[in-house]
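In: This is a predicted model, with the sequence first.
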Protein chains: 2
Amino acid sequence: MASGAGPEIERLMALLSKLPGLGPRSARRAALALLKRRDQLLIPLTHAMQDAADKVETCTVCGRLSTQNPCPTCADPMRDDAMICVVEEDSALWAMERVGAFTGQYHVLGGLLSALDGVRPEDLRLDGLIQRVKSGRVREIIMALPATVEGQTTAHYIADRLKSFGNQIAITHLARGVPVGGELDWLDDGTIAHAFKSRR
Amino acid sequence: MASGAGPEIERLMALLSKLPGLGPRSARRAALALLKRRDQLLIPLTHAMQDAADKVETCTVCGRLSTQNPCPTCADPMRDDAMICVVEEDSALWAMERVGAFTGQYHVLGGLLSALDGVRPEDLRLDGLIQRVKSGRVREIIMALPATVEGQTTAHYIADRLKSFGNQIAITHLARGVPVGGELDWLDDGTIAHAFKSRR
């Protein structure tokens, strides 16, 4: 990305272009916006990033990113630790929390099993989940994993690992169907077929 | 953007969402990518931003962003100071430098005249340009401004301000026409009409 902007600015652009959703062109625009808005954007964002780098760690209980360990959710006695919602990433946890319907605990796997990408069970935060189930308080595991091959493979694998706990715990999945506000015409056939089979 | 991610991470997301091209959702993805790739991305980007905030300033001659003042282009005796290419922003200068066809000097206005946005002549880096022309070495001013109403208004205004220098200096504009590789079918009528009138 040689652009005659000088090594410091070019390094900034190169790093910005590694963010998801930014390509070389939008990274240049972002770098320029940062440099033009030094006091309103560049310096506050630098501080926010430094702060995050210094303070954010992974909760040793649930695996989420937090400045506290255990995280506020794991430490909250008002949350129901008989229910664990299993998610791929923090972003799914944030989405569940925005909805606000779930009052139990979480477990962040940190990825999904994938033969293609070489992600094996030992690469995920699975032992911790088994440990939490073994503690004996868990009654329901809610699989909030993506409706993709990797998501479903991972859900299956976890269900298999938890088989030995028999009917002490229920394993549930987020319902599949037509999204709220969704037009049938815009949906893929698999979703429509699933929604039809699961009609109620 | 309450997401249960904690104040530090939410502040990071809120600031990231102010970058051009990032909305709330892509800012969440960017924040997660930064936190997950702490050593490869978050820390190097934080350092690059701190470095830019500390070192990058505006060249007092041409107005471009640089860690040197005067900037390497203004200080380069090999560049032809009889030609000044007038651009809106550093991004246009970087684009010209990527092309590599121009060997003269630049002048970065820092914006365009706009009645709508309340940008007046005194908000642009215009006096510096007049000063440079007055120094007597300039023979050509190349207007590399956007082909928009604001771009053309600004070019007109500058030409007017430079009228007193009469035929000592030539004022030229980037040619308008069909972009290289451009299909006529995809172009707006104004561009086609312009390209037709300027056929050669």
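Out: Thanks, I have it.
In: hmm, who's touching the longest strand along chain A?
Out: Assignment by DSSP state E gives strand A:80-87 as the longest strand of chain A. The contact list for strand A:80-87 (C-beta atoms under 8 Å, 6 or more residues apart in numbering or on different chains) reads A:93, A:96, A:102-109, A:129, A:132-133, A:137-145, A:155, A:158. (C-beta placed from N, C-alpha, C; glycine too.)
In: Next: stretch A:149-166.
Out: Everything outside stretch A:149-166 that qualifies as a contact, by C-beta under 8 Å, 6+ apart, is A:86, A:88, A:109, A:112-114, A:121, A:124, A:126, A:129-130, A:133, A:141, A:143, A:145, A:169, A:171, A:173.
In: Okay, the closest residue to A:A30 other than its chain neighbours and B:L32: tell me how far apart.
Out: Spatially, and ignoring its direct neighbours in sequence, A:A30 is nearest to B:L19 (4.6 Å; C-beta to C-beta, 6 or more residues apart in numbering or on different chains). According to C-beta to C-beta, to the nearest Å, B:L19 and B:L32 sit 15 Å apart.
In: So which of the two has more stuff around it?
Out: B:L19 (25 against 20; other C-beta atoms under 10 Å in any protein chain shown).
In: Pull up the gap between that one and A:R137, please.
Out: For B:L19 relative to A:R137 (C-beta to C-beta), the value is 43 Å.
In: can you list contacts of the helix or strand bottoming out on mean pLDDT in chain A?
Out: Every helix and strand of chain A was ranked by mean pLDDT, DSSP states H and E. The lowest is helix A:189-197, at a mean of 83. By C-beta under 8 Å, 6+ apart, the surrounding residues in contact with helix A:189-197 are A:R176, A:G177, A:V178, A:L184.
In: out of those residues, which is most surrounded?
Out: With neighbours taken as other C-beta under 10 Å, the top of the contacts of helix A:189-197 is A:G177, carrying 17 neighbours.
In: Using the three-state scheme, assign it.
Out: Three-state assignment for A:G177 (DSSP: H, G, I helix; E, B strand; the rest coil): coil.
In: wait, doesn't it sit right on A:R200?
Out: No. Between A:G177 and A:R200 no contact is recorded; they are 9.5 Å apart, counting by C-beta atoms under 8 Å.
In: May I have the phi/psi pair for the residue most central in space within chain A?
Out: Centroid-nearest residue in chain A: A:E89, 1.7 Å away (criterion: C-alpha atoms, centre = their mean). When read as degrees, to the nearest 10, the backbone of A:E89 gives phi -140, psi 170.
In: now the contacts of strand A:80-87: which count as buried?
Out: By neighbour count, with 16 or more other C-beta atoms under 10 Å in any protein chain shown, the contacts of strand A:80-87 hold A:93, A:96, A:102, A:104-109, A:129, A:132-133, A:138, A:141-145, A:155, A:158 as buried.
In: Kindly state the domain boundaries assigned to chain A.
Out: A:7-55, A:65-173 (automatic domain parsing).
In: Looking at those, which is nearest to B:D51?
Out: domain A:7-55 (5.5 Å; C-beta to C-beta).
In: separation between A:A31 and A:L45?
Out: From A:A31 across to A:L45, the span is 12 Å (C-beta to C-beta).
In: What is the burial count for A:V87?
Out: Neighbours around A:V87, by other C-beta under 10 Å: 24.
In: Poorly predicted segments of chain A, please.
Out: A:1-3 (pLDDT under 70).
In: Let me see the ranges of the strands in it.
Out: Using DSSP E, strands in chain A cover A:57-58, A:65-66, A:80-87, A:104-108, A:140-143, A:170-173.
In: Could you tell me the angle between the longest one and strand A:104-108?
Out: Okay, so that is strand A:80-87. 30 degrees (axes from the mean of the first three to the mean of the last three C-alpha atoms, to 10 degrees).
In: number of nearby residues for the closest residue to A:S114 other than its chain neighbours?
Out: Distances taken as C-beta to C-beta, 6+ apart put A:E150 closest to A:S114, at 4.9 Å, once the chain neighbours are dropped. A:E150 has 18 neighbours, counted by other C-beta under 10 Å.
In: on that earlier part again, which of the domains of chain A has the highest mean neighbour count?
Out: domain A:7-55 (a mean of 19; mean count of other C-beta atoms under 10 Å in any protein chain shown).
In: show me what contacts the residue nearest to the centre of chain A?
Out: Contacts of A:E89 (C-beta under 8 Å, 6+ apart): A:V108, A:G110, A:G111, B:L32.
In: one more time with 7 Å, if that's ok
Out: Counting by C-beta atoms under 7 Å, 6 or more residues apart in numbering or on different chains, A:E89 makes contact with A:V108, B:L32.
In: Roughly how far does it sit from A:Y106?
Out: Distance, A:E89 to A:Y106, using C-beta to C-beta: 11 Å.
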